[in-house]
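Asker: Okay, predicted coordinates and the sequence, questions at the end:
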Amino acid sequence: MAGLQYLAYGFAQFFVVKTLLLMLGGVCVGLVIGALPGLSATMGVALFLPVTYWLSPSESLVFLGSLYMAAIYGGSFSAILLRTPGTPSNIGTTFDGYPMAKLGRGWEAILTATFSSLYGGLFGLIMFLVSAPMLARVALKFGPPEYFWLGIFGLTVISSLSRGNTLKGFMGGLIGVLLSTVGVAPVGGNVRFTFNIPELIGGVGLIPALVGLFCIPEVIDMVLNRSKKQLFQEAKVQKGIIWKTFTSVMKKQVDLLRASIIGFIIGVLPGAGGNIANLVAYSEAVRASKHPEKFGTGIPEGVIATEASNNAVVGGGFVPLMTLGVPGTPVDAILYGALLMQGLRPGAELFTRRADVVYTFIAGVIVATFVMVPIGLAFGRAMAKFITKIPLSLLAPTVLFLTMVGSYCVSNNISDVYMMLILGVLGFVLRKLGFEAGPITLGLILGSIIETGLVQGLLIGRKLAQPWLIFLTRPLCWVFIVLSVFFLFWPVIMRKRMVVSGGDQK
Amino acid sequence: MKSRVLVALLALLTVVSLFAEKFPSKPITYVICFAPGGESDITARLQQPYLEKILGVPIVITYKEGGGGAVGWTELVTRAKPDGYTIYGTNLPHTILQPLQGGVGYKTEQINNIYFFQSTPCVLAVSIDSPIKTFQDFVEYARKKGVVTLGGSGQPSANSFATLRLAKLTGLNITYVPFSGSGTAVPALLGGHVDGLMTYTTMAVQYKDKMRVIAVATEERIPLFPDVPTFRELGIDLVEKAYRGVAVPPGTPADVKRVLEEAFRQVNNNPEFVAKMQEMGFVIENYDEAAAAKLVAELIPYYKQLWEETQGK
């Protein structure tokens, strides 16, 4: 096992002070970037890429990998405390994390997110080490028709994301899909629905949409209600809560494992990432649960699902990146650039020729995943205290300011800030009408995946008698068709089951 | 006493501002209109240290992606300050084709290119496992199957036009499948979802062990693939490539432009930089402001004609 030998070598690197410091730096930077609404992990890695030019390849990757892992985890803080996903990978964490914070269990929610992130992160990296080359080949079987159906399947997730009113959930999803069609078409490049406003050419960005739809309605609520009592109860600090939460999270092995596997698999597929993984994992947690109605009211299972899955995506995304040289997620695309800049060509021979780099990198991120726990807890504790102690008259403007900075930073573009504010007001109105931000953002994310898959699939299908047959003639497609149909009717099935069981009790 | 300090301060400020007249005296922002990790980004990253050394100020690379570059270029001509401190990466044929297609907030003529420093020729490639070994095999395969699918980056783009031209010149039924970038098209080839790729030399170099290049769209054979024939050698008059350069906002003073132009020229003459670029599959180009304008003027009618030919296809 040459791999083990190299892995040991990789771990040994952490006795080198410089590598250790770089990893600590990466974790700290990542946590802050993740926690700031609008600054995503992708941006964080891109922003700090230039810093790594003076480093050796393995040092550079350890730094960026630690930053990436910590940013995905750090995004849970703002999701829990402000109902604003820090990165697109934390959307689902708002569903139960924020209600927990409202009930005075914010610290417990942060602890739950921390241990789930640790679990998911390690799971993904270990799976990478065990199964990378094999899975890379499977990932390639995913072509445009499969992505089309994956997108459709993703939409069925809405049925469990929309509490109470499934129809309104799907309408929300449709609004998201419509928003995704604004701007330049992903395939073909024609310009649509821009109403001759040049600012709309780039379409509706996911980050401005996230910040606008989730955060702004919350700020408006803060101001309208004028009472933080309704927003947060003083976070109760019980003795021994860290250990208690740790054991109760670790007891939920099935939930942790399910979420981690979902995150890992979605990470392996090129083009999909944490933004989809956390929502699918959440929805699967709802479906598998014996008490699905409790989701959304503030239960730890909801936080476990999203936070374990999004950190498992990290290891999953490394699979196609390192073995095929094909980036699995947007962050991996930047890491790909980082590798090239260092004169390393991602691909199978990277493992044989520069095994020292690959294994130091993976070992580094494993160590970073552990290290982010104590740092993250200190950081999360401070943030929770700050938010509960700070008077409302300061909190609302501070949050508003952060959302504006965050949206501006996406591409230093003031029009993103306007977009965010407009969507924010729209989101507030929609929420009053019963449309949740979750399904809308899911529609926005999946809209372009579905469109791309559909158009590319039809073009590839020209080899068949009827181009659309390509969507029905491939085995992997059928897996998603069956899953989609089943989950689409899931609410109906559930209701029947509940009626039946209710009848039994009588 | 106080007034004397004030006078001294004022004098100091005047001296400082006199020095500030010299361009550049503060960091320059280099905007890439695509996602990080692509060809434009990699080039900018390689240029960065050399530019910093020559100009003596930090070069800050930022990204303004969206609309295949259109978002950034619209900003370049409408909002960016013409003081030389914000410069934008530009691409051909993108800045010619996008205004032709319409809906973007800039015109080709508004893009003030001050240097084109590299290009990437189009290449026709198949998977290494493909039964297609030569261009003749490709033609036979296309005839036998009736349709052949080629993936590539974007539409309209150098890749899409090269594909359409190839179809027209050979009479083969070729379907072009656009992907969001040259990188995202690769898994579609490796997974067997498309028969081949019309891609750039950079990709062919990066995936040397996974792709077989069967023809290159250059005037002459390229040193990276000495055994691969050009389309011209095969009797097909197909030369197509993407150029990458840098532009300043309209109205930028001439002396500022000269400084930047000279800096990019010097980078392009650095043997170390040139070696790194060529190793990655880039072709070094040297078009200064005047030559760049001439190149664009020459290419406009060519692409206009291609555009009209391909409309409705």
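Answerer: Received the coordinates, thanks.

Asker: so what's the nearest residue to A:Phe11 once chain neighbours are set aside up against?
Answerer: Leaving aside its chain neighbours, A:Phe11 sits nearest to A:Ala363 (4.7 Å; criterion: CB to CB, 6 or more residues apart in numbering or on different chains). The way it works is simple: take the backbone N, C-alpha and C, and place the C-beta from them, glycine included. Neighbour list for A:Ala363: A:7, A:10-11, A:13-14 [criterion: CB atoms under 8 Å, 6 or more residues apart in numbering or on different chains].

Asker: Show residues contacting stretch A:15-26.
Answerer: Residues from elsewhere that reach stretch A:15-26 (CB under 8 Å, 6+ apart): A:13-14, A:55, A:58-59, A:62-67, A:70, A:360, A:364, A:367-368, A:371, A:375.

Asker: Recalculate using a threshold of 10 Å.
Answerer: A:10, A:12-14, A:44-45, A:48, A:51-52, A:55-56, A:58-71, A:360, A:363-365, A:367-368, A:371-372, A:375 (CB atoms under 10 Å, 6 or more residues apart in numbering or on different chains).

Asker: Which strand or helix spans the closest residue to chain B within the stretch 301-450 of chain A?
Answerer: Residue nearest to chain B within the stretch 301-450 of chain A: A:Gly337 (3.4 Å; CB to the nearest CB). Using DSSP states H and E, A:Gly337 sits in helix A:330-341.

Asker: What helices and strands are in contact with that helix?
Answerer: Here helix A:330-341 touches helix A:41-48, helix A:57-82, helix A:274-288, helix A:300-324, helix A:355-389, helix B:39-55, helix B:182-190, helix B:201-206, going by 3 or more CB pairs under 10 Å, 6 or more residues apart in numbering or on different chains; DSSP states H and E.

Asker: got the buried residues for the helix or strand encompassing A:Ser116?
Answerer: For A:Ser116, the host element (DSSP H and E) is helix A:106-140. Buried positions in helix A:106-140, judged by neighbour count with 16 or more other CB atoms under 10 Å in any protein chain shown: A:106-125, A:127-129, A:132, A:135-136, A:139-140.

Asker: Tell me if that helix is near chain B.
Answerer: Yes: residues of helix A:106-140 contacting chain B under CB under 10 Å from any CB of the partner chain: A:136-140.

Asker: Can you lay out these as TSV showing pLDDT?
Answerer: What follows is the residues of helix A:106-140 next to chain B, written out as TSV (pLDDT from 0 to 100):
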residue	pLDDT
A:Ala136	84
A:Arg137	83
A:Val138	85
A:Ala139	86
A:Leu140	88
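
Asker: ranges for the strands of the stretch 1-150 of chain B?
Answerer: With DSSP state E, counting those that start in this stretch, the ranges of strands along the stretch 1-150 of chain B come out as B:28-32, B:59-63, B:86-92, B:112-127, B:148-153.

Asker: Out of those, point me to the one whose mean pLDDT is lowest.
Answerer: Lowest mean pLDDT within these: strand B:59-63, at a mean of 85.

Asker: circling back to that earlier point, and the contacts of stretch A:15-26, which of them are buried?
Answerer: A:10, A:13-14, A:44-45, A:48, A:51-52, A:55, A:58-71, A:360, A:363-365, A:367-368, A:371-372, A:375.

Asker: which residues does the residue nearest the centre of chain B form a beta bridge with?
Answerer: Nearest residue to the geometric centre of chain B (CA atoms, centre = their mean): B:Arg244, 3.0 Å. According to DSSP bridges, the residues that bridge with B:Arg244 are B:Asn91, B:Gln118.

Asker: wait, isn't it in contact with B:Glu39?
Answerer: Yes: B:Arg244 is within contact range of B:Glu39, at 6.8 Å (criterion: CB atoms under 10 Å).

Asker: Which pLDDT value belongs to residue 4?
Answerer: Assuming you mean chain A. Predicted confidence (pLDDT) for A:Leu4: 73.

Asker: nope, chain B
Answerer: 64.

Asker: For stretch A:283-302, C-alpha coordinates in PDB please.
Answerer: Extracted C-alpha coordinates of stretch A:283-302, given in PDB (Å, rounded to 0.1, in the frame of the first residue of the first chain):
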ATOM      1  CA  SER A 283     -35.500  16.400   2.100                       C
ATOM      2  CA  GLU A 284     -34.300  12.800   2.500                       C
ATOM      3  CA  ALA A 285     -34.100  13.300   6.200                       C
ATOM      4  CA  VAL A 286     -37.700  14.500   6.200                       C
ATOM      5  CA  ARG A 287     -38.800  11.500   4.200                       C
ATOM      6  CA  ALA A 288     -37.000   8.900   6.300                       C
ATOM      7  CA  SER A 289     -38.100  10.400   9.600                       C
ATOM      8  CA  LYS A 290     -40.900   8.900  11.700                       C
ATOM      9  CA  HIS A 291     -42.000  12.400  12.600                       C
ATOM     10  CA  PRO A 292     -41.700  14.500   9.300                       C
ATOM     11  CA  GLU A 293     -44.100  17.100  10.600                       C
ATOM     12  CA  LYS A 294     -41.500  18.200  13.200                       C
ATOM     13  CA  PHE A 295     -39.000  19.300  10.600                       C
ATOM     14  CA  GLY A 296     -38.900  23.100  10.300                       C
ATOM     15  CA  THR A 297     -39.900  23.600  13.900                       C
ATOM     16  CA  GLY A 298     -36.300  23.500  15.200                       C
ATOM     17  CA  ILE A 299     -35.100  19.900  15.500                       C
ATOM     18  CA  PRO A 300     -31.400  18.900  15.500                       C
ATOM     19  CA  GLU A 301     -32.000  16.200  12.700                       C
ATOM     20  CA  GLY A 302     -32.600  19.000  10.200                       C
END
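
Asker: which of the residues in it are buried?
Answerer: Across stretch A:283-302, burial judged by 16+ other CB under 10 Å covers A:283-287, A:289, A:292, A:295-296, A:298-302.

Asker: got JSON lines for those residues, with distance to A:Ile422 and pLDDT too?
Answerer: Converted to JSON lines, the buried residues of stretch A:283-302 look like this (distance: CB to CB, whole Å; pLDDT from 0 to 100):
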{"residue": "A:Ser283", "distance to A:Ile422": "28", "pLDDT": "91"}
{"residue": "A:Glu284", "distance to A:Ile422": "33", "pLDDT": "91"}
{"residue": "A:Ala285", "distance to A:Ile422": "33", "pLDDT": "94"}
{"residue": "A:Val286", "distance to A:Ile422": "31", "pLDDT": "90"}
{"residue": "A:Arg287", "distance to A:Ile422": "34", "pLDDT": "87"}
{"residue": "A:Ser289", "distance to A:Ile422": "36", "pLDDT": "90"}
{"residue": "A:Pro292", "distance to A:Ile422": "34", "pLDDT": "87"}
{"residue": "A:Phe295", "distance to A:Ile422": "30", "pLDDT": "92"}
{"residue": "A:Gly296", "distance to A:Ile422": "27", "pLDDT": "90"}
{"residue": "A:Gly298", "distance to A:Ile422": "30", "pLDDT": "93"}
{"residue": "A:Ile299", "distance to A:Ile422": "33", "pLDDT": "95"}
{"residue": "A:Pro300", "distance to A:Ile422": "35", "pLDDT": "96"}
{"residue": "A:Glu301", "distance to A:Ile422": "35", "pLDDT": "96"}
{"residue": "A:Gly302", "distance to A:Ile422": "29", "pLDDT": "96"}
